[in-house]
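Asks: Give me the fold of what follows.
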Amino acid sequence: MWNNSSVAKLNLGQKQKAVSSERTGALGCVGWTIVILSGMFVVLLFPLTIWFCFRIVQEYERAVIFRLGRITDRRPKGPGIFFILPCTDSFVKVDLRTVSFDIPPQEILTKDSVTISVDGVVYFRVSDPIASVANVSNADFSTRLLAQTTLRNVLGTKNLAEVLSDREGIAHSMQSNLDEATDHWGIKVERVEIKDVKLPHQLQRAMAAEAEAAREARAKVIAAEGEMNASRALKEASLVIAESPSALQLRYLQTLNTIAAEKNSTIIFPLPMDVLSHFMRK
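Replies: The predicted model follows:
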């Protein structure tokens, strides 16, 4: 008598056999008959059919072969020369080189309700030729559309300040999202970069006015701090001069020397320091 565990094991075994037969590209009796007839046709017309049986792919290419609509061996052919049956086989070339494309400028509304225009560039390559042919109709075009959508989704969760200051973090976030989404397409996203962020002209003028006001405020603060430091220095100098009367005489002579070095037409009438000290006491 069969129990539930035995039935489950039997169903699992049947499913595994079906999956393995599907992966190995089982053609069935009719399929093998057609393949044998095609092989006999190639042998009989060998001098002519040899030009249709051998194909060559470059070092950076791989060929995905379909035999009666099924992928043979579940592995791509190439690089170099390989053999196909002209009546039953067809193949698709897949380029493994890194491809770059520009993301068109996207009008995006940021988290703080600011409309900006952002564009970028994406670098990707085909890592699994079988998946890029069998799992998606056009891997290149699908990746381009997904990159535009991902750019909108990622930047829609960022503030304007984060978009302007954290481009590298946004690029890494886009790369991980794209790589995860295109993994079952056989696509490997290698790099994503944000090229340019364009702001509305009104916002640019407002930001420029804000930056100018901030710079003027800092300049006034720095000037006030300089005046305060100069006042403290003058106070200390006056205390030193008050302690030594000869210091005032030396400072007076130094001032005269400075004025005379400028070669101007200023006329100076020196007065004795005793006279000045008399007026200062009054």
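Asks: Report how many residues lie close to the nearest residue to residue 185 once chain neighbours are set aside.
Replies: Among residues not flanking residue 185 along the chain, residue 136 sits closest, at 4.6 Å (C-beta to C-beta, 6 or more residues apart in numbering). Heads up, the C-betas are built off the backbone N, CA and C, glycines and all. Residues lying near residue 136 (other C-beta atoms under 10 Å) number 17.
Asks: do the same with residue 196
Replies: 9.
Asks: which stretches of this structure aren't confidently modelled?
Replies: Scanning the chain for pLDDT under 70 picks out 1-27, 248, 261-282.
Asks: Geometrically speaking, which residue is the centre of it?
Replies: Centroid-nearest residue in the chain: residue 193, 2.1 Å away (criterion: C-alpha atoms, centre = their mean).
Asks: What are the neighbouring residues in contact with residue 186?
Replies: The neighbourhood of residue 186, defined by C-beta atoms under 8 Å, 6 or more residues apart in numbering, consists of 126-133, 135, 139.
Asks: So which elements touch the lengthiest helix in the chain?
Replies: For the chain, the longest helix by residue count, based on DSSP state H, is helix 201-243. Applying 3 or more C-beta pairs under 8 Å, 6 or more residues apart in numbering; DSSP states H and E, one finds that helix 201-243 contacts helix 245-261.
Asks: I figured residue 92 hits residue 133, correct?
Replies: Yes. Counting by C-beta atoms under 8 Å, residue 92 touches residue 133, with 5.3 Å between them.
Asks: so residue 90 sits in a helix?
Replies: No. Counting by DSSP: H, G, I helix; E, B strand; the rest coil, residue 90 falls outside a helix, being strand.
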